[in-house]
Structure formats: C-alpha cells, structure tokens
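I'll drop the sequence and a predicted model, then ask my questions.
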Amino acid sequence: MRIIRVEHGGASYYGILEDGLVFPLRRQPGHDPLPLAEVRILPLVAPSKIICVGLNYKAHAEEIGYPLPQMPSFFLKPPSALIGNGDPIVLPSGMGRIEHEAELAMVVGKACRNLSLGEARECLFGFTCANDVTAREVQKADPLIGHCKSYDTFCPVGPWIETDLERLDDLAVRCVVNGEIRQSGNSGDMIFKPYDLLCFLSRVMTLLPGDLILTGTPPGISPIRAGDVVQVSIEGIGVLSNPVEAPAPEEKVLQ
C-alpha cells in the first residue's frame, strides 16, 4: 500500500492512495474517499526524532575521505528539518556548498526497544525516499555533523510510505537534478542492511511510531543551487521531488 498523510476540512489523517483517490486509513465519520487534488498533502510523519546512518556505502565513504565504520554510525536531524514532496529546499545564506544525498528511509510503526531480527519487520510501518541535504563546507569546519545537517528544509521525505517493499537488497537508488543523473546506486551495496540497522538502533534508544531512519547515501553527491529541481527515486517506492530556493529573508518566529 501507498500511505500518505493529508489535511482536509481542518483535520489531518493518514490515507491509502489508490487510483488517484485517498481512502482514510482508519474509517472515520466525514472522511470519505477524496480525489488527491482536493486534499493538502502533509509531510509523511511527525517524528520524535530523525536518525541518519552515515557512511553506509563504501564508495560514498571513499569519496568524502572517511574511514569505513566498524559499527553503524549515526547522527540526528531535528524534526523541524522535515519537509514533504513538492516543498522547497531553502538554501541558508552564507553556508557555501549545499549537497543532495539520496537515501532509502524507514518509518517506525510501533514503539520498540531491543529488537531481535525476527521482530524487526513487525515494528516497521514502511519505506520512503529521503534527501539528507548537507552543508558540506560547514561539515568540514565542524566535523560533529549536527550543524551541517540540521537546517530547516534539510530533510525532504516522500512521496508516500510504501508498506510492501520487496528485494531490500537490490533496489536502485538515484538522485536526478534538473534531469541529470547525479547519484545511481543500489541498496545491495549497503554495509549495514536496513533491518540490522533497525535492531541496532533499538538497542541504543527507544524508537517511537513515526520516527524516521535514513539508511545512508550511495556515491555521487554534488551541489544544488537555487532554481534546481532535485528528485530522489527508489525502485519500488516512487519519486521525491523538491525545488531549490534562494535564502529567504531572515525572520523571527516567536510565540
């Protein structure tokens, strides 16, 4: 199934996307099937945390000059970095080179801790496409990773959650910018496989419904600029597409 999160009539809910119609995942009064064009598509999840696995493709580690990890290496992005399919990636001013990173992402379906491999599948809601946008020059200046990954709009995710994804060890992972293929990899080249990552992370922290786990990027990272359109595609899921915009005027958000 393809699952999306939508808003209609002031209410937000998950729905099944089928033949251009959104069917409520859980039947509720007033939530009849609606044409996709009549609903507002929301970011797929509202996670408590976004966990990003780094250096999970040997060739990517080599291209940025990092040694291969002996165990999964990860960092966190804030939920405020999350945007949905079609939303703009807004480049922060003065941060230098900004790059795309196409990734397969997992969506946690149940609260879980200390999972065994046999329990992993039942705790996973599904898979989606993600773009781990990175301020590369900031990363070189501050190698602790958090700063360069955490800007607002630096975590596009979508276009939907695919609950039935086969052949996890043989999925094409691509990033296309303005029609040009920049990244072309395969999930089979991951050092640590998706369900192994889920188990490992559950031994470190409690995972909650809606949490996102990004599983690393293949080689081919390159800069993005205002006016670009960045598309992340994963075989069996779909295409996540986001325009890139110039920095917006700085504004304060106070409540």
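Yep, it's here. Numbers count the residues shown, from 1 in each chain.

wait, what's in contact with the spatially closest residue to Arg225 that is not a sequence neighbour?
Spatially, and ignoring its direct neighbours in sequence, Arg225 is nearest to Val244 (6.4 Å; CB to CB, 6 or more residues apart in numbering). C-beta coordinates here come from the backbone N, C-alpha and C atoms, glycine included. Taking CB atoms under 8 Å, 6 or more residues apart in numbering, we find Val244 in contact with Pro88, Ile89, Leu91, Ile224, Arg225, Ala226, Gly227, Asp228, Val229, Val230.

The fifth one and Phe154, how far apart?
Here the criterion is CB to CB, to the nearest Å. By it, Arg225 lies 15 Å from Phe154.

neighbour-wise, which of the two wins?
Per other CB atoms under 10 Å, whichever of Arg225 and Phe154 has more neighbours is Phe154, with 26 against 12.

any idea how far Ile89 is from the more buried one?
In this view, Phe154 and Ile89 are 7 Å apart by CB to CB.

Overlap in contacts, these two.
With contacts taken as CB under 8 Å, 6+ apart, Phe154 and Ile89 have Val133 as neighbours in common.

can you pull out the helices in this protein?
Using DSSP state H, the helices found in the chain span residues 58-64, 117-120, 136-141, 146-149, 194-204.

Just list what the second one packs against, helices and strands only.
Contacts of helix 117-120 with other secondary structure elements, assessed using 3 or more CB pairs under 8 Å, 6 or more residues apart in numbering; DSSP states H and E, are made with helix 194-204.

same thing with the longest one?
Helix 194-204 makes packing contacts with strand 102-108, helix 117-120, strand 124-131, strand 212-214 when contacts are defined by 3+ CB pairs under 8 Å, 6+ apart.

neighbouring strands for the third one, and are they parallel or not?
Here the strand partners of strand 124-131, with direction, are listed using DSSP bridges: strand 102-108 (antiparallel), strand 155-162 (antiparallel).

Helix 194-204 and the first one, what's the angle between them?
If I follow you right, that is strand 102-108. Using axes from the mean of the first three to the mean of the last three CA atoms, to 10 degrees, the inter-axis angle of strand 102-108 relative to helix 194-204 is 60 degrees.

buried residues in stretch 227-234?
Buried residues in stretch 227-234, counted by 16 or more other CB atoms under 10 Å: Asp228, Val230, Gln231, Val232, Ser233, Ile234.

typo on my end, stretch 34-47
If you call a residue buried by 16+ other CB under 10 Å, then stretch 34-47 has these buried ones: Leu34, Val39, Ile41, Leu42, Pro43, Leu44, Val45, Pro47.

quick one, what contacts Ile50?
Ile50 touches Leu76, Lys77, Pro78, Pro79, Ala81, Leu82, Cys155, Asp211, Leu212, Leu214, counting by CB under 8 Å, 6+ apart.

one more time with 6 Å, if that's ok
For Ile50, the contact set (CB atoms under 6 Å, 6 or more residues apart in numbering) comprises Lys77, Cys155, Leu212.

Which pLDDT does the model give the last one?
Okay, so that is Leu212. Looking at Leu212, its pLDDT stands at 98.

so it sits right up against Ser48, yeah?
No - applying CB atoms under 6 Å, one finds Leu212 not in contact with Ser48, separated by 9.7 Å.

Please identify which of the two sits among more neighbours.
Leu212 (23 against 15).

From Cys112, how far off is Asp164?
For Asp164 relative to Cys112 (CB to CB), the value is 20 Å.

my bad, should have said Pro143
Following CB to CB, the distance that separates Pro143 from Cys112 is 31 Å.

Residue ranges in the chain under the pLDDT threshold?
28-31, 250-255 (pLDDT under 70).

OK, contacts around the residue nearest the centre of it?
Centrality entry for the chain: nearest residue to the mean C-alpha point is Ala130, 2.7 Å, by CA atoms, centre = their mean. Taking CB under 6 Å, 6+ apart, we find Ala130 in contact with Glu103, Ala105, Val157, Leu214.
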